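J.: Build me a model:
(chains A and B)
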Amino acid sequence: MTSTLRLLSALLAGTAAIAATPALAADPIKIGVVTPLSGTYAGIGQQVRWGLELAATEVNAAGGIMGRPVELSFEDEEANPSVAVQKAEKLFQVNKVDFLTGTVNSGSTLAVGQLAERAGKLIATTVSFADSITADKCSPNVFRVNARAGQQSAALASWLAKEKPQAKVFYLGPDYEMGRSTVAAFRSNVDRVGGSSLGEVFAPLDSKDYTQYFGQIRATRPQVLYTSVAGTDTVRLFTQLQEFGLLGNITVLGASGTVTAQNIGAIGKAADGFVTGVGYSAEIATPENKRFVEAFKAAAKTDPDLYGADSYGLIFAYKAAVEKAGSTDTDKVREALRGLTWKTPQGEKTLRAGDHQAEQTMYVVRVAGGQFKIVSEIPGPDAIGADTCTKF
Amino acid sequence: MAVLDYLQFVLAPQMVTGLALGVAVVLVALGLTIIFGLLDVINMSHGEFYALGAFVALALGSIGLPFWLLLILVPLALLPIGYMVERGLIQRVFHGGDRHVTTLLLTFGLGLVIEDVLKLAFGPNPHRPETPISGGVELLGVFVPNYRLFLIIAGAVVIAAVAAVVYRTRLGAMVRAAAYDRHMAASLGVPVKQVYAGAFAFGVALAGLAGVLLAPIYSVFPTMGRDFILLAFTVVIVGGMGSIAGAVVAGLFLTQVQAIASLYISPVWTDPIVFGIMVVMLMVRPQGLFGRLGHA
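T.: Numbering: from 1, shown residues only, chains lettered A, B, ... in the order given. Below you'll find the predicted structure:
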């Protein structure tokens, strides 16, 4: 009797050991990616995808996260919040992902953030600019590792104050959360540094023709045009500005995402002279960044832009947090992400515990001869702005 | 002075750019209305043929062919593609029970396929061909870029030429006869099958031509076909399915409505106005402003 019991328990222990160890080792950590793979923002989604895939490959080659490989599942959000919610729901419920990222459209990030709260999962955006995501509409389940509109504007305004004091500025943004937020953020910074605002206009996302707004721009005769359109919209706006001879006497400033590696080729000469405040540039001359740019180019045949770099960095933040927490459990990873400082190609970033916004060094970048050149650098604490999140 | 300023800097340029956009929309709608009027097929892949034209122009332009040659070469290149699509795909479902639904679904699927093939071949990022004519002129104090002026004139010429072919030539008469009564036309010796395929190919070639003409202004990317397609369908519905005159009148009218309305209200709201006009039109005059091409 005792021998049978002993045998049985030994057998049980054996099978348990066999079942447990390899299963734990091979069981992948699933990261869902809801990002635009078609439409106006397809080029942005492509950068997100390249950045995440490169990071996942490197993490897996080095033994994964706690010995578990990272597995990415992609879904196309079409830069449309209602599509993003459906695809995120599928990734949470059907694919049972541990973590979700990739949303580009700020509306998508806000909508998927609410879904994550209900599903008890964490998400992070590596792209969305709207300040509200880590301010008045902040969520305990949403993190942002890229620079928000306020950080970009603070950097850009410091350049404006130096180069074009008392500038007269006109604003043109896409008519949704991101456009309204970036224009409001830059406008308040222009007021702060003593410039004046002549007017603002918001065009629908995916506009064919921006020339219908040029009348208002001409009539107010601005020195500076600030815009936060992105993706293929920028190509059209700049082409049409050039066509109508407006680029000659107006300096164009913009959001980080307005002109990037993914659309500068198509914009061509019209991009020359464009200035932006941004959290990343392929020009950053650190060894970490040079290694990253080389690896990225080898995989994607193009330079990384802010989206590719911020998405790449996110995987390492998640890896650090899961290893610190010793688990993929939502509450434990959230605690580990709060206040986390980790290394990225663009230097160290810190996720502020109070609003889940990453603090990072900001750069002022100017386009000359089709190349981005870093003009100045603003330390992270000077750009991040106040923590206005009151939800947690 | 303020009033003059307003006219010169705001209203007049708005109407001129609206006119250029109107010509662009009419060019896209023209092929659509011809295919519907003659074949009774709602071509949901029309926008993707427009994109295909732009990409073929991009590819040929990159090997050094001049823009002016492309204006002829690209429509010619799309003719056989359109012809084969009609004979190989559309004819297979054309005689089935519910022609409108099956051809609509078929062309919709074809559009998705073309869009993805373009994405695989050229990548998702936008491309921009150089504007073939740079600079601009001032007409009565209104700045008009030379290329937009060219677009308006070239568009008018193309529209006039298409109308002349359909209404004034023997070929056009055969096409209209085939559309009006297929069996009678066949018994009178009109090669109906070839006429159908030819008319479809002609519509596709027109979409390709629009792609070449508009690429320098609106840039080239795989999903560009979606840009004009809703507006083009609205133009065809308001103008009268199959009517060339209707497409011209409705296209110019609706784009002027958009252009002027966007001065006074948020541009986001111009779409509801345009589609609202379409809904009202469908309620009070479902056949549109003008009758159908085949039944005129």
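
J.: switch to C-alpha atoms for all contacts and neighbour counts from now on
T.: Noted.

J.: remind me which residues of the stretch 51-200 of chain A are low pLDDT?
T.: Along the stretch 51-200 of chain A, no part satisfies pLDDT under 70.

J.: In it, what residue comes closest to chain B?
T.: Closest approach between the stretch 51-200 of chain A and chain B, counting by CA to the nearest CA: residue A:175, at 7.7 Å.

J.: For that residue, which residues are in contact?
T.: A:202-205, B:268 (CA atoms under 8 Å, 6 or more residues apart in numbering or on different chains).

J.: swap in residue A:345?
T.: A:286, A:288-289, A:292, A:309, A:313.

J.: Please tell me how far it sits from residue A:234.
T.: 26 Å (CA to CA, to the nearest Å).

J.: Point me to the residue of the stretch 1-150 of chain B nearest chain A.
T.: residue B:10 (4.3 Å).

J.: Backbone dihedrals for that residue, both of them.
T.: phi -110, psi -60 (degrees, to the nearest 10).

J.: Residue A:252 too?
T.: phi -100, psi 120.

J.: And stretch B:91-101, what's buried?
T.: B:91, B:93-94, B:99-100 (16 or more other CA atoms under 10 Å in any protein chain shown).

J.: do you know how far residue B:94 is from residue B:101?
T.: Distance of residue B:94 to residue B:101, computed by CA to CA: 10 Å.

J.: and if you look at residue A:385?
T.: Counting by CA to CA - residue A:385 and residue B:101 are separated by 56 Å.

J.: Verify the contact between residue B:147 and residue B:131 for me.
T.: Yes: judged on CA atoms under 8 Å, residue B:147 makes contact with residue B:131 at a distance of 7.3 Å.

J.: neighbour-wise, which of those two wins?
T.: Taking neighbours as other CA atoms under 10 Å in any protein chain shown, residue B:147 and residue B:131 compare with residue B:147 leading, 21 against 16.

J.: Name the helix or strand for that one, please.
T.: If you go by DSSP states H and E, residue B:147 is part of helix B:146-168.

J.: so residue A:102 makes contact with residue A:112?
T.: No: the pair residue A:102 / residue A:112 is not scored as a contact, 10.5 Å apart, by CA under 8 Å.

J.: Domain parsing of chain A, as residue ranges.
T.: Domains of chain A are assigned by automatic domain parsing as A:25-147+A:285-360, A:150-278.

J.: between the ones you listed, which one is nearest to residue B:107?
T.: Checking those against residue B:107 by CA to CA gives domain A:25-147+A:285-360 as the closest, at 19.5 Å.

J.: I'd like to know how many residues surround residue 194.
T.: Picked chain A for this. 14.

J.: nope, chain B please
T.: Neighbour tally, residue B:194, other CA under 10 Å: 14.

J.: cool, and the one 4 residues further on?
T.: Other residues near residue B:198 number 20, with proximity taken as other CA under 10 Å.

J.: isn't it right up against residue B:85?
T.: No: when contacts are counted by CA under 8 Å, residue B:198 is not listed as touching residue B:85 (10.7 Å).

J.: Which element, helix or strand, includes residue A:208?
T.: Short version, using DSSP H and E: residue A:208 is in no helix or strand.

J.: check contacts around the closest residue to it other than its chain neighbours.
T.: Of all residues not flanking residue A:208 in the chain, residue B:218 sits nearest, at 6.4 Å (CA to CA, 6 or more residues apart in numbering or on different chains). Applying CA under 8 Å, 6+ apart, we find residue B:218 in contact with A:208-209, A:236.

J.: secondary structure class for residue A:277?
T.: Classification of residue A:277 using DSSP: H, G, I helix; E, B strand; the rest coil returns strand.

J.: which residues does it contact?
T.: By CA under 8 Å, 6+ apart, the neighbours of residue A:277 are A:151-156, A:254-256, A:362-365.

J.: will you turn these into a markdown table that also has neighbour count and secondary structure?
T.: Formatted as a markdown table, these follow (neighbours: other CA atoms under 10 Å in any protein chain shown; DSSP: H, G, I helix; E, B strand; the rest coil):
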| residue | neighbour count | secondary structure |
| --- | --- | --- |
| A:151 | 31 | helix |
| A:152 | 26 | helix |
| A:153 | 31 | helix |
| A:154 | 25 | helix |
| A:155 | 29 | helix |
| A:156 | 29 | helix |
| A:254 | 27 | strand |
| A:255 | 26 | coil |
| A:256 | 31 | coil |
| A:362 | 28 | strand |
| A:363 | 26 | strand |
| A:364 | 27 | strand |
| A:365 | 27 | strand |
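
J.: Quick one: the helices in chain B, in order.
T.: Using DSSP state H, the helices found in chain B span residues B:2-5, B:12-39, B:46-62, B:67-85, B:91-94, B:99-122, B:146-168, B:170-180, B:182-187, B:192-218, B:225-239, B:244-264, B:270-284.

J.: okay, the ones you listed in JSON lines with mean pLDDT next?
T.: Formatted as JSON lines, those follow (pLDDT from 0 to 100):
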{"stretch": "helix B:2-5", "mean pLDDT": "75"}
{"stretch": "helix B:12-39", "mean pLDDT": "88"}
{"stretch": "helix B:46-62", "mean pLDDT": "94"}
{"stretch": "helix B:67-85", "mean pLDDT": "94"}
{"stretch": "helix B:91-94", "mean pLDDT": "88"}
{"stretch": "helix B:99-122", "mean pLDDT": "91"}
{"stretch": "helix B:146-168", "mean pLDDT": "92"}
{"stretch": "helix B:170-180", "mean pLDDT": "86"}
{"stretch": "helix B:182-187", "mean pLDDT": "88"}
{"stretch": "helix B:192-218", "mean pLDDT": "92"}
{"stretch": "helix B:225-239", "mean pLDDT": "89"}
{"stretch": "helix B:244-264", "mean pLDDT": "90"}
{"stretch": "helix B:270-284", "mean pLDDT": "90"}
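
J.: can you list these in a markdown table and add distance to residue A:160?
T.: A markdown table is the format used below for the helices of chain B (distance: least, CA to CA, whole Å):
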| stretch | distance to residue A:160 |
| --- | --- |
| helix B:2-5 | 30 |
| helix B:12-39 | 31 |
| helix B:46-62 | 38 |
| helix B:67-85 | 41 |
| helix B:91-94 | 63 |
| helix B:99-122 | 38 |
| helix B:146-168 | 34 |
| helix B:170-180 | 62 |
| helix B:182-187 | 70 |
| helix B:192-218 | 31 |
| helix B:225-239 | 36 |
| helix B:244-264 | 30 |
| helix B:270-284 | 35 |
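
J.: Ok, which of those helices comes nearest residue A:245?
T.: Ranked by CA to CA, the member of those that lies closest to residue A:245 is helix B:146-168, at 11.2 Å.

J.: what helices or strands is the closest one leaning on?
T.: With contacts defined as 3 or more CA pairs under 8 Å, 6 or more residues apart in numbering or on different chains; DSSP states H and E, the secondary structure elements packing on helix B:146-168 are helix B:12-39, strand B:136-139, helix B:170-180.

J.: just how off-centre is that helix within its chain?
T.: Relative to its chain's centre, helix B:146-168 lies at 12 Å (CA atoms, centre = their mean, to the nearest Å).
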